[in-house]
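> Just a sequence and a predicted model for now, questions to come.
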Amino acid sequence: MIGHETAPTRAFVIHPEFKGEEARHAPLYALAEAVSLAHALPGLDVVGEQLVRIATPQPKTLFGSGKVEELKATLAAAEAELVLIDGPVSPKQQRNLEKAWDVKILDRTGLILEIFSDRARTREGVLQVELAALGYQRTRLVRAWTHLERQRGGLGFVGGPGETQIEADRRAIDDQMVRLRRQLEKVVKTRELHRASRAKVPFPIVALVGYTNAGKSTLFNRLTGADVLAKDMLFATLDPTMRRVKLETGAEVILSDTVGFISDLPTQLVAAFRATLEEVLEADLVLHVRDISHPETREQKADVEDILTDLGLSEDVPVLEVWNKIDLLPQEEEARLLTAADRDPKILPISAITGAGLDAMLTEVTRALDAERRRETVVLPYSDGKRRAWAFKEGIVQAERQTEDGVELDLLWTARQAERFWAL
Ligand SMILES: Nc1nc2c(ncn2[C@@H]2O[C@H](COP(=O)(O)OP(=O)(O)OP(=O)(O)O)[C@@H](O)[C@H]2O)c(=O)[nH]1
Ligand SMILES: [Mg+2]
């Protein structure tokens, strides 16, 4: 069926719309996003897309028999080799549909896993994706997808080493997962050591989070002069990056850019990436970057907030909303949003491309970090020169007194600084 190894795989995208189900995203936008996801995987050529309504999901074939026939003709006409079904597909449904249509099938989770495995560059990223893919395989025993695998020469976790893997019993997968988890723990531990040494660096951490393609990396590059891949492509960024930025007050912060979120992010991925995402939870300030020009910007915001809640972002960490891409708005719309943003100091309208609003944003970031600070007096034994030196370096000491018990310091600091101080 498949001719040249180097030719792109002809992919057809289907978004199933379940009748009576309250979906957060409008079906047409969901389909558009699924197509973007398909474009995000190298080696795919999207030859068609369709919204398919499903009144009652069929256990064997997902779609009703009439629909299966109708789609068979559509897919044949499009000469599709791969069908991406933007939703969950059971292994049985997958098998039956592959047979009926003579194509390979990938569901939403499988597709996102493939994209992540294509992006993973660091050892930690590779292990995390591999673990997530195995977790997915374990419940589904995904079929080999050798064509694309060979063509991309990539990591090809999904589908793994071939048909035999499908028959491999769960225990083998479990063993492998245990091994991976152990390796991952080691890598994470090394990183935690780095993190601990970074904690000694006396700068607050500001984390950029947001829906995929919101413009986090563009903003990050603009503020830090870094060169993180920023592209009109979903999940351009996978591995987290951190850089120092000097604010106009002279204060310095560490800015972090990380993987974007998406609706229905596979739970296996959230679990596997927990260690990476936990860096976000340790930030002194979170900037939620939104593509305010996107028609579903509200729904995307809700998705991001759901994921942050799932991760366990503490109420104590202040979150500011960065309304990005204002340059794309029609003028009256822009004026309306700017007025709304004016009334709320937690909303910062910007364009990471034109630079509009960036100065005001940084001023607000400085202010938010300052507002976080509280006064506290601590007594350190005279032997504790380390903490005293750190506090001075950090610039949080308001006054110092010598007492019988040691050095008494009046500090003005954030909760995170306090945590780092006591962890020294
Ligand atoms: N017009 C306009 N485009 C922007 C702006 N900011 C980012 N973009 C574009 O939006 C696309 C996505 O930008 P990225 O910075 O890669 O987005 P991201 O949030 O890092 O995405 P992921 O890494 O996939 O999560 C790119 O094509 C950018 O050029 C903006 O302010 N205005
Ligand atoms: Mg990015």
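Structure received. Ligands and ions are numbered 1, 2, ... in the order given.

> Retrieve the pLDDT associated with Val397.
Per-residue pLDDT puts Val397 at 90.

> Once you drop chain neighbours, what's closest to it?
In space, and not counting its chain neighbours, Val397 is closest to Ala391: 5.1 Å by Cβ to Cβ, 6 or more residues apart in numbering. C-beta here means a position set from N, CA and C on the backbone, and glycine is covered the same way.

> Look up how far ligand 1 lies from that neighbour.
35 Å (Cβ to the nearest ligand atom, to the nearest Å).

> Bridge partners for Asp291, pull those for me.
Asn324 (DSSP bridges).

> Equivalent analysis for Gln58, please.
Going by DSSP bridges, Gln58 forms beta bridges with Leu62.

> how about the residue nearest to Val397, what does it touch?
Listed by Cβ atoms under 8 Å, 6 or more residues apart in numbering, the contact set of Ala391 reads Val397, Leu409, Leu411, Phe421.

> ok, now which ones touch Gln50?
So Gln50 contacts Phe12, Val13, Ile14, His15, Leu31, Leu71, Thr74 (Cβ under 8 Å, 6+ apart).

> and Ile173, helix, strand or coil?
The three-state label given to Ile173 by DSSP: H, G, I helix; E, B strand; the rest coil is helix.

> isn't Val206 right next to Leu287, touching?
Yes. Under the criterion of Cβ atoms under 8 Å, Val206 makes contact with Leu287 at 6.2 Å.

> picking that back up, among the contacts of Gln50, which ones are in strands?
Phe12, Val13, Ile14, His15 (DSSP state E).

> Ligand 1: which of those residues is nearest?
Val13 (18.5 Å; Cβ to the nearest ligand atom).

> what's the helix or strand for the closest residue to the closest one other than its chain neighbours?
The spatial neighbour of Val13 that comes closest, neighbours along the chain excluded (Cβ to Cβ, 6+ apart), is Glu49 at 4.3 Å. Using DSSP states H and E, Glu49 sits within strand 44-54.

> again, but for Val245
strand 241-246.

> hmm, who's touching that strand?
By Cβ under 8 Å, 6+ apart, the residues outside strand 241-246 that reach it are 198, 203, 205-206, 220, 223-224, 226, 228, 252-258.

> and those residues, which are buried?
Neighbour counting by 16 or more other Cβ atoms under 10 Å classes 203, 205-206, 220, 223-224, 226, 228, 253-258 among the contacts of strand 241-246 as buried.

> which bits of the stretch 301-424 of the chain sit near ligand 1?
Asn324, Lys325, Asp327, Leu328, Ser351, Ala352, Ile353 (Cβ under 6 Å from any ligand atom).

> Would you point out the most distant pair within those?
Maximum pairwise distance among those (Cβ to Cβ): 11.3 Å, between Leu328 and Ala352.

> Which one's more surrounded, the two?
Higher neighbour count among Leu328 and Ala352: Ala352, with 26 against 14, using other Cβ atoms under 10 Å.

> ok, that one to Thr122 distance?
Computed with Cβ to Cβ, to the nearest Å, the distance linking Ala352 and Thr122 is 25 Å.

> Enumerate the residues of the protein near ligand 1.
Near ligand 1, when you scan the chain using Cβ under 6 Å from any ligand atom, you find 210, 212-218, 230-232, 234-237, 260, 324-325, 327-328, 351-353.

> residues in contact with the closest residue to ligand 1 within the chain?
Ligand 1 sits closest to Gly260 of the chain, with a gap of 2.3 Å, by Cβ to the nearest ligand atom. With contact set as Cβ under 8 Å, 6+ apart, Gly260 has these partners: Gly210, Tyr211, Thr212, Asn213, Ala214, Lys216, Leu234, Phe235, Ala236, Thr237.

> will you turn these into JSON lines that also has pLDDT, neighbour count and distance to Val379?
Putting these into JSON lines (pLDDT from 0 to 100; neighbours: other Cβ atoms under 10 Å; distance: Cβ to Cβ, whole Å) gives the following:
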{"residue": "Gly210", "pLDDT": "95", "neighbour count": "24", "distance to Val379": "42"}
{"residue": "Tyr211", "pLDDT": "96", "neighbour count": "26", "distance to Val379": "47"}
{"residue": "Thr212", "pLDDT": "94", "neighbour count": "25", "distance to Val379": "48"}
{"residue": "Asn213", "pLDDT": "95", "neighbour count": "24", "distance to Val379": "50"}
{"residue": "Ala214", "pLDDT": "97", "neighbour count": "28", "distance to Val379": "46"}
{"residue": "Lys216", "pLDDT": "95", "neighbour count": "29", "distance to Val379": "42"}
{"residue": "Leu234", "pLDDT": "82", "neighbour count": "19", "distance to Val379": "52"}
{"residue": "Phe235", "pLDDT": "80", "neighbour count": "21", "distance to Val379": "49"}
{"residue": "Ala236", "pLDDT": "80", "neighbour count": "19", "distance to Val379": "49"}
{"residue": "Thr237", "pLDDT": "79", "neighbour count": "21", "distance to Val379": "45"}
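
> Also within reach of ligand 2: list those from those residues.
Lys216, Ala236, Thr237 (Cβ under 5 Å from the ion).

> Next up, the contacts around the second one.
Residues counted as contacts of Ala236 (Cβ under 8 Å, 6+ apart) are Arg119, Thr212, Asn213, Ser217, Leu229, Ala230, Gly260.

> what secondary structure does it sit in?
Ala236 is classified as coil under three-state DSSP.

> what's the answer for Arg375, then?
Arg375 ends up strand, using three-state DSSP.

> In space, what's closest to it - neighbours in sequence excluded?
Nearest to Arg375 is Leu412, by Cβ to Cβ, 6+ apart, at 5.5 Å.
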